[in-house]
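[1] got a sequence here, can you build the structure:
(2 chains)
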Amino acid sequence: MTDLSFNRTEYHEDLPPPASEVGIFGWLRHNFFSTWYNSIGTVAVLYLFYLVVPGLIDWTLISAVWDSKSNQDCRFEGAGACWGFIDARFNLFFYGFYDIENYWRPSLVGLLLLFLAVPTLFEQVPKKIAGGMFALFTLGWAVWALAGLGQVASLNLQVTIGILVFLGAVTAGIFLKTPRSVCALAIVGVFPWVSVSLLYGPLNVASLSSGIGIAVYAAMLIGGGALAYWSTKRRDALGSFVGYLLAYSAVVIIYMNWGFGLTNQATSSFGGLMLTLVLSTVAIGVSLPLGIMLALGRRADSMPAVQMLCIGFIELVRAVPLITILFMAQFMLPLFLPEGVNFDNVVRALVGVSMFASAYMAEVVRGGLQAIPKGQFEAADSLGLNFFLKTRLIIMPQALKIVIPGIVSTFIGLFKDTSLVSIIGLMDLLLIAKSSVTDAKWLGLEHEAYFFIALIYFVFCFGMSRYSIYLERKLHTGHKR
Amino acid sequence: MANSAKDLKVSDEVAIEISGMHKWYGDFHVLKDINLTVQRGERIVVCGPSGSGKSTMIRCINRLEEHQRGNILVDNIELTNDLKNIDAVRMEVGMVFQHFNLFPHLTVLENCTLAPIWVRKVPKKEAIEAAMTYLERVKIPEQAHKYPGQLSGGQQQRVAIARSLCMNPRIMLFDEPTSALDPEMISEVLDTMIDLAQSGMTMICVTHEMGFARKVANRVIFMDGGEIIEQNEPEEFFNNPQNERTKMFLSQILNH
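    Residues are numbered from 1 along each chain as shown, chains lettered A, B, ... in the order given. Prediction:
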């Protein structure tokens, strides 16, 4: 008979892994040469690189002609890319047909967005660096503007002071306790209006030209402010919300009418990267909140009317190609609108692209909502959280985290889809590139034009993709069972 | 220690009153004519075979499930479709779930302070202080800044208990709190629950931990087929069950 008893008196100590599992060789073996077919794949890909990369480097860098004045300078044996073309058409690619003396306006909008977005999007930007960036930017701007250098010659004193005050406020905000929330608030509540007046100029609000209109807005401002003040004191959430909304709307409308006192710049002059960015930023900014609302509406079983409306919108928009929606906005909408009411072309494209993106976003967000276990809803309910708090604090943070890859995919798709607006005659980046090579001086330089804009598209899309990965890592909170 | 919990006085005040309550899932009649009066300070253990409606019954008490007939009064507030009443009841009734249901995107401390801050409008600093006292009471203050995913099952369940306690509930509902735990972790959760019972909390526990029932319960309820079949004091219930179904159930779970 065998003895079944066994008693371990000492536990085995932890040993380091074998050398073949770690280090550079372990990594290579695991990732590139783990099996014979993996090894063949690795060799094949290396050979492909060998075929493509040297030629690409030669064309773009080594044999490239950098200081060409026209396509004639590049017409010799063995010439690479003719980059002089990009240099000559640089402004066109970036600003479209925007007036040269107003280039500072879209540039400023871009910089503002960048400087507000960085602290909002990244948590770990040290306050000193963020603050330093703002201070430097503000200072540089002040010197540039006050000295009347460069293209800022047309800038009037009023605008300069307005911008400086605004930037000063944001810079101060950075040093406050919660720079992220300040920046987020500025992006949502201030940036949209400031950028409209910078890009387009003041909006002519007809009702502000009559005495009654002014009285109404003044009443909104004062009444709303008073309501907000008293309601906040009495902890009445609805009252203070309505109060703030009234006062805020009045301020925005009055401000939009003033618009820094800038000259108007027709939207037909918008083009190039600037137009692409305007379209995609607005569509991204609109589609996420709208998509969340549509997704919640689609799941609202207790409100069948809202549910039907949301399902109808989502399914209708998703069933139609974006080009069709743009065509509809361009040619059909005027038929339904009363005589004299006319929407700007860019605004139509914005509405079309935003609607389209919202429908897709709604389904992405709904996917995240489906993935939240029922227990999370029940736990929130059992703690007495109402629907709004439950959605905001418990459900949405988790649902959105799950679908970050889907959301960013939608954003990236949307960014590239904006090139479809060329179909309704808007000069976006792609159409600008396409038409710029029809210039007799630069005829036949399609390669350079498309390579350049491909690079621009890549920088933006790759950036979004990397941000998605960063966000996923940041929000990862331990293993789920 | 065990005796001190059993000797606790039960007050005359009624905490929960369920009368003639029925519930259906579609055509399926899950709860039939439930009548139950719970005094303040009572510790009730509900047991029964799976599918007998135990969980459904206690989930009706904080309206995670809706009942279709009869009345439920919690702290003299009637549970109807009125959202205000439901919110008022939920603020007074804490619940602990089989699968913990902690919020995985928040730290342990944030899990505990979220509801007090947003629902009870407690200032953040006070909420954190209160949460830390409760985390100490369930013996895991050192885990306050970890995420639930980094804790063991027993620790997670104790956090879930602390999270409920942070709302200062007058009644606690436990829905099979130890069923999803490894054997070694069950006792740490039961100890926490015994400690809670000794503090005089009104508790209704759906559980099959008969040792726990003997130690702290002052009443055991047996359910089958959506009905309350038998209820009695623990000693009588275990030693001298009356109903045949109860006898069979007890022989099944005790003879191992």
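[2] ok, and does the lengthiest helix in chain B reach over to chain A?
    Using DSSP state H, we find that the single longest helix of chain B is helix B:183-198. No: using CB under 8 Å from any CB of the partner chain, helix B:183-198 stays clear of chain A, coming no nearer than 13.7 Å. All C-beta atoms are positioned from the backbone trio N, CA, C, and that covers glycine.
[3] tell me the mean pLDDT over the next helix or strand after that helix?
    Of the helices and strands lying after helix B:183-198 in sequence (DSSP states H and E), the nearest is strand B:202-206. Strand B:202-206 comes out with an average pLDDT of 95.
[4] strand B:202-206: partners in the sheet, and parallel or antiparallel?
    Here strand B:202-206 has these sheet partners by DSSP bridges: strand B:43-47 (parallel), strand B:171-175 (parallel).
[5] so which bits of the helix or strand that A:Glu315 is a member of are buried?
    Under the criterion of DSSP H and E, A:Glu315 resides in helix A:304-318. Buried residues in helix A:304-318, counted by 16 or more other CB atoms under 10 Å in any protein chain shown: A:310, A:313-314, A:317.
[6] what sits up against it?
    Helix A:304-318 is touched from outside by A:294, A:297-301, A:325, A:355-356, A:358-360, A:362-363, with contacts defined as CB atoms under 8 Å, 6 or more residues apart in numbering or on different chains.
[7] if we use 10 Å, what do you get?
    A:290-291, A:293-301, A:303, A:325, A:352, A:355-363, A:366 (CB atoms under 10 Å, 6 or more residues apart in numbering or on different chains).
[8] next one: it to chain centre, how far?
    26 Å (CA atoms, centre = their mean, to the nearest Å).
[9] I'd like the next helix or strand past that helix.
    Helix A:304-318 is succeeded, C-terminally, by helix A:322-327 (DSSP H and E).
[10] could you give the average pLDDT over that following helix?
    91.
[11] any buried residues in it, and which?
    A:322, A:325-327.
[12] ok, now stretch A:42-62?
    Per 16+ other CB under 10 Å, stretch A:42-62 contains these buried residues: A:59-60.
[13] same deal with stretch B:162-182?
    For stretch B:162-182, by 16+ other CB under 10 Å, it's B:162-167, B:169, B:171-178, B:181.
[14] can you give me the offset of it from its chain's centre?
    With CA atoms, centre = their mean as the basis, the mean position of stretch B:162-182 lies at 6 Å from the chain mean.
[15] the longest helix of chain B - contacts with which helices or strands?
    helix B:2-6, strand B:43-47, strand B:93-96, helix B:124-137, helix B:153-165, strand B:171-175, strand B:202-206, helix B:210-216 (3 or more CB pairs under 10 Å, 6 or more residues apart in numbering or on different chains; DSSP states H and E).
[16] isn't B:Leu102 up against B:Ser164?
    No: using CB atoms under 10 Å, B:Leu102 is not in contact with B:Ser164, being 11.1 Å away.
[17] give me the common contacts of the two.
    A:379, B:112.
[18] which stretches of the stretch 51-200 of chain A form helices?
    For the stretch 51-200 of chain A, applying DSSP state H, counting those that start in this stretch gives helices covering A:84-88, A:90-95, A:104-121, A:127-146, A:157-175, A:179-189, A:191-199.
[19] and those, which one averages the lowest pLDDT?
    Among the helices of the stretch 51-200 of chain A, helix A:157-175 carries the lowest mean pLDDT (a mean of 60).
[20] turn the strands paired with strand B:202-206 into a markdown table, including distance to B:Pro234 and mean pLDDT.
    Listed next are those as a markdown table, based on distance: least, CB to CB, whole Å; pLDDT from 0 to 100:
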| stretch | distance to B:Pro234 | mean pLDDT |
| --- | --- | --- |
| strand B:43-47 | 8 | 94 |
| strand B:171-175 | 16 | 95 |
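[21] which of those strands sits closest to A:Arg8?
    Comparison of the strands paired with strand B:202-206 against A:Arg8 by CB to CB identifies strand B:171-175 as nearest, at 38.7 Å.
[22] secondary structure class for the closest residue to chain A within chain B?
    Proximity of chain B to chain A (CB to the nearest CB) peaks at B:Gly149, 2.8 Å away. Secondary structure, DSSP: H, G, I helix; E, B strand; the rest coil: B:Gly149 is helix.
[23] so it sits against B:Pro104, correct?
    Yes: if you go by CB under 10 Å, B:Gly149 and B:Pro104 touch, sitting 5.6 Å apart.
[24] between these two, which is the more surrounded one?
    Between B:Gly149 and B:Pro104, B:Pro104 has the larger neighbour count (other CB atoms under 10 Å in any protein chain shown), namely 21 against 15.
[25] and that one, how far is that from A:Trp230?
    Counting by CB to CB, to the nearest Å, the separation of B:Pro104 from A:Trp230 is 40 Å.
[26] before we move on, what about B:Ser179?
    52 Å.
[27] any idea what sits nearest A:Gly243, other than its immediate chain neighbours?
    For A:Gly243, ignoring the flanking residues on the chain, the nearest one in space by CB to CB, 6 or more residues apart in numbering or on different chains is A:Ala228 at 3.0 Å.
[28] which parts of chain A sit against chain B?
    For chain A, the contact set with chain B under CB under 10 Å from any CB of the partner chain comprises A:235, A:373-390, A:392-395, A:397-398, A:400-401, A:475-481.
[29] just give the nearest non-adjacent residue to A:Val346, would you?
    A:Thr267 (4.1 Å).
[30] just the pLDDT for the one you found.
    At A:Thr267, pLDDT is 87.
[31] tally of neighbours for it?
    18.
[32] just give me the closest of the buried residues of helix A:304-318 to A:Thr60.
    Of the buried residues of helix A:304-318, the one sitting nearest to A:Thr60 (CB to CB) turns out to be A:Val317, at 40.3 Å.
[33] how near is that closest one to A:Ser358?
    A:Val317 is 8 Å from A:Ser358, by CB to CB.
[34] any idea how far the helix or strand hosting the residue nearest to A:Gly243 is from the chain center?
    Using DSSP H and E, A:Ala228 maps to helix A:211-233. With CA atoms, centre = their mean as the basis, helix A:211-233 stands 34 Å off its chain's centre.
[35] buried residues in it?
    For helix A:211-233, by 16+ other CB under 10 Å, it's A:217, A:220-221, A:224-225, A:227-228, A:231.
[36] how about stretch B:34-54?
    Counting neighbours by 16+ other CB under 10 Å, stretch B:34-54 gives B:34, B:36, B:38-49, B:52-54 as buried.
[37] check stretch A:428-437 too.
    Buried, per 16+ other CB under 10 Å, within stretch A:428-437: A:428-434, A:436-437.
[38] just send those back as CSV, with distance to B:Lys84, pLDDT and secondary structure too.
    Formatted as CSV, the buried residues of stretch A:428-437 follow (distance: CB to CB, whole Å; pLDDT from 0 to 100; DSSP: H, G, I helix; E, B strand; the rest coil):
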residue, distance to B:Lys84, pLDDT, secondary structure
A:Asp428, 53, 91, strand
A:Leu429, 55, 92, helix
A:Leu430, 56, 91, helix
A:Leu431, 58, 91, helix
A:Ile432, 59, 91, helix
A:Ala433, 61, 90, helix
A:Lys434, 62, 89, helix
A:Ser436, 65, 87, helix
A:Val437, 68, 86, coil
